[in-house]
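Participant: everything below, folded, please.
(4 chains)
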2 protein chains.
Amino acid sequence: MLELAILGVLKEQDLHGYELKKRLAETLGALSSVSFGSLYPALARLEAAGAVEAVDVAGAVAVSSIPMTGSIGGEVAALRARRTTGRGSRGKKVYGITPVGERLFEELLATESASGDDDRAFNLKLAFARHLPADARLGLLERRRAQLVDRLTKARSAIRARRERLDAYSRSLMEHGTETTERDISWLDRLIAAERGHRTRKAEQT
Amino acid sequence: MLELAILGVLKEQDLHGYELKKRLAETLGALSSVSFGSLYPALARLEAAGAVEAVDVAGAVAVSSIPMTGSIGGEVAALRARRTTGRGSRGKKVYGITPVGERLFEELLATESASGDDDRAFNLKLAFARHLPADARLGLLERRRAQLVDRLTKARSAIRARRERLDAYSRSLMEHGTETTERDISWLDRLIAAERGHRTRKAEQT
DNA sequence: GGATAGATATATCGGCCCGATACATCGGGT
DNA sequence: ACCCGATGTATCGGGCCGATATATCTATCC
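Facilitator: Next comes the predicted model:
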């Protein structure tokens, strides 16, 4: 799952581990801040699979998609002089995504992850939903909705079954949980409606 | 963390692994259903530490902590004939909590878990909050509140900082996230108020 | 009566992820 | 001159998960 996140961020800009971690933290929201203990191994895995590769330190960070002003040329040369490829003198190792990585990204993003369509997995995929075709996006939202509805049903029956034996704290916890799930479902409904709206408008344009 | 959950459930009733899993699932809410791949090792760990022990299959479920009536002796003997200790004929292995386990439970529940007072950790502790002294309970709630406020601040500044570069999906995800966090905080405020209410009323009684 | 399926039940394996830790360098403040 | 905090890479032990293997009990169908 981390692979997907890394590839998605690297898709927009070449980065080195430390910065990648910060970018991941703000992309995935405050929750699920990735640790180095998982980031570096994941990066190593991706590199071994040929999905990412260490790129030239200088050009990468500054360039990527935004045309340069050209004033940083001096810095670039200075850095290049101290062995920019692989680990530079400072040990920095900038990674970039490869075509293989792009394909892997599409694949991971589209995967219906068989059994455990985990909460974090959904959040992650939604964050990159713009890279999905419209129908896959809708499918993602609807699968998630179904999952939450199922969870809600189960949670409610669990509360009903044990209402008397629950103390105030557990009960409050469970009730708050179901309310949160209800709100999540409404939110998904709004997203789904918006999605269908786009689709309809597009269909009408033809 | 799983240890705490196991001990908490076992505190109320002796159970074998399979049933323990079900009980855990409904105690911890629909989310975070424990897998056998973590449950059995955790149980083994606890057993090695002397916090739980395999108990007599028959008597255990009925008895645990309640003085026995003595009428179940027959059943016990019948089951004992088929080797009730350890794995019975059916392979069932019923666990009970020991005094060591009780102490471990108190300790784990009271631990301020140093760094990562994880979401799940909080939910779990709240579910067993009735076993905490009132001040520790209040501390738990307030620490959690502070944590969420901090998260909210960070999330908001992250949104503000990248508002223009965010696509609709990421933005919606983040905004929904902050709303959820806000609601979590209000919920905590209600719990805290209730907690203080109890305390005040108790103080007035003296 | 016997087959078949599904719930009950325990256990292990590989793999991912986390927290802690180690180590090194750089920039800025005192 | 010195130290501290941010930057930066990396590993290690351990916990948890999903998949899988195995076996028994129970209910249902033919």
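Participant: let me see the domain layout of chain A.
Facilitator: In terms of domains, chain A is parsed into A:2-110, A:133-205 (source: automatic domain parsing).
Participant: and of these, who's closest to DNA strand D?
Facilitator: For DNA strand D, the closest of the domains of chain A is domain A:2-110, at 2.9 Å, according to Cβ to the nearest atom of the strand. Every C-beta, even on glycine, is put in place using the N, C-alpha and C of the backbone.
Participant: ends of that closest one, how far apart?
Facilitator: One end of domain A:2-110 to the other measures 15 Å (Cα to Cα, to the nearest Å).
Participant: now the helices for chain A?
Facilitator: Under the criterion DSSP state H, chain A contains helices at A:2-12, A:17-27, A:36-48, A:57-63, A:73-81, A:99-110, A:119-127, A:134-162, A:168-205.
Participant: in a markdown table: those, plus mean pLDDT and distance to DNA strand D.
Facilitator: Putting the helices of chain A into a markdown table (pLDDT from 0 to 100; distance: least, Cβ to the nearest atom of the strand, whole Å) gives the following:
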| stretch | mean pLDDT | distance to DNA strand D |
| --- | --- | --- |
| helix A:2-12 | 95 | 12 |
| helix A:17-27 | 90 | 3 |
| helix A:36-48 | 96 | 4 |
| helix A:57-63 | 44 | 9 |
| helix A:73-81 | 37 | 11 |
| helix A:99-110 | 95 | 15 |
| helix A:119-127 | 92 | 10 |
| helix A:134-162 | 91 | 12 |
| helix A:168-205 | 91 | 16 |
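Participant: got JSON lines for those helices, with mean neighbour count too?
Facilitator: Below are the helices of chain A laid out as JSON lines (neighbours: other Cβ atoms under 10 Å in any protein chain shown):
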{"stretch": "helix A:2-12", "mean neighbour count": "21"}
{"stretch": "helix A:17-27", "mean neighbour count": "17"}
{"stretch": "helix A:36-48", "mean neighbour count": "15"}
{"stretch": "helix A:57-63", "mean neighbour count": "18"}
{"stretch": "helix A:73-81", "mean neighbour count": "13"}
{"stretch": "helix A:99-110", "mean neighbour count": "16"}
{"stretch": "helix A:119-127", "mean neighbour count": "20"}
{"stretch": "helix A:134-162", "mean neighbour count": "16"}
{"stretch": "helix A:168-205", "mean neighbour count": "15"}
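Participant: give the contact list for the nearest residue to residue A:129 once chain neighbours are set aside.
Facilitator: Counting by Cβ to Cβ, 6 or more residues apart in numbering or on different chains, residue A:129 lies nearest to residue B:169, which is 4.2 Å off, once chain neighbours are set aside. Residue B:169 sits next to A:126, A:127, A:128, A:129, A:130, A:191 when contact means Cβ atoms under 8 Å, 6 or more residues apart in numbering or on different chains.
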